[in-house]
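*Asks:* fold the stuff below for me.
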Amino acid sequence: MGNGEAASGEGVVDLGFARVDSARRDRCGRAEVIFGQGKTAEEIAGIASVIHAREGHVLATRVAPEFADRVKALLPEAVYHPRSRCLTLGTPPQKSSSSPVGVLSAGTSDIAVAEEAAVTLESFGRAVERIHDVGVAGIHRLFAELDRIRSCSVLVVVAGMEGALPSAVAGLVEIPVIAVPTSIGYGAHFQGLTALLGMVNSCASGVTVVNIDNGFGAAFAADSILRLVERKATA
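*Replies:* Presented below is the predicted three-dimensional model:
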C-alpha cells in the first residue's frame, strides 16, 4: 500500500499508529487537520503524506521546532511557520473573493496564538488582515485601525491579561467577533482563565469565545461562518 498504509476501510486509512479520517471533507467540508502535539515526527509525516496525497494540501498545528526539522527531513516540501508552530504542505485551495478575516492581537506577546489563527485561515484559502498590538492599554492604537478592521468579514480577536480587547472591538463594529483568550499575564491571570472569564462575561453583545490559546478553533469558526454565507449566496 502507498504511504506506508497498513490497511484501509471506508473513510479510514489505517497506519497502525493512526487511523486517518479520509472522509472528513465529505462530512465536514474540510480535510483532517493534524494536531502535532504528542506525536513523533515520523507520525506527523506519515499522516501528512496520506492527507496530502488525497487533498493536495495539509495543515499540522502545535508542531514544536525540534520536531519540525525532522518532519521537513522526511517531507522536504513542507513549510514550517515558527511563530504559530504550524506546518503546511502543498498548495492551499484558491482564496475566496470575500473580504479578509481580521486577526487582531492585543499585544505582541499574543502574536503566537494570533498567528496560529492566521496560518489556519490561510490554509483554508482565506485572505487574512493581520492587525497587531492594538490592546486597550493604548486604545488610540485600536481607533487608528478601525477602517481596516471594519473592512473585514469576520474578526478573530486575541488577548491575554484581563482579556478586554474583544469587548472593546465588538462595541465598535457590526462584524462577528470571535474572542481567543491567551495564557499571557501575571499571577492572577491564572494561565488564561482570567481572560477567558472576562471574554465570556463580555458586555458587548454576541461575542463568541473559544478555549485558551485556541487560535485554530477560532479560525475554524470564522471559516465556518463564511462558508455558510457563501453557500446561501450561491443557493
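
*Asks:* and the longest helix belonging to the chain, how far out from the chain's middle?
*Replies:* Across the chain, the longest stretch assigned as helix under DSSP state H is helix 215-234. Distance of helix 215-234 from its chain centroid, counting by Cα atoms, centre = their mean, to the nearest Å, is 12 Å.

*Asks:* so what does it touch, helix or strand wise?
*Replies:* strand 101-105, helix 111-123, strand 154-159, strand 177-181 (3 or more Cβ pairs under 8 Å, 6 or more residues apart in numbering; DSSP states H and E). Placement of C-beta: from N, CA and C, glycine included.

*Asks:* ok, now which ones touch residue 231?
*Replies:* Applying Cβ atoms under 8 Å, 6 or more residues apart in numbering to residue 231 gives no contacts.

*Asks:* err, residue 134, not the other one
*Replies:* Residues in contact with residue 134 (Cβ under 8 Å, 6+ apart) are 104-106, 141-142, 145, 165.

*Asks:* sorry, back to before: make a markdown table from the helices and strands packed on helix 215-234 and add mean neighbour count, mean pLDDT and distance to residue 135 to it.
*Replies:* Shown next, in a markdown table, are those (neighbours: other Cβ atoms under 10 Å; pLDDT from 0 to 100; distance: least, Cβ to Cβ, whole Å):
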| stretch | mean neighbour count | mean pLDDT | distance to residue 135 |
| --- | --- | --- | --- |
| strand 101-105 | 29 | 97 | 8 |
| helix 111-123 | 25 | 97 | 12 |
| strand 154-159 | 30 | 98 | 6 |
| strand 177-181 | 30 | 98 | 13 |
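
*Asks:* ranges for the strands of this structure?
*Replies:* Along the chain, counting by DSSP state E, strands occupy 7-9, 12-14, 19-21, 34-35, 57-61, 79-81, 86-90, 101-105, 128-131, 154-159, 177-181, 208-209.

*Asks:* among the ones you listed, which comes closest to residue 234?
*Replies:* Nearest to residue 234, of all the strands of the chain, is strand 154-159, at 18.4 Å by Cβ to Cβ.
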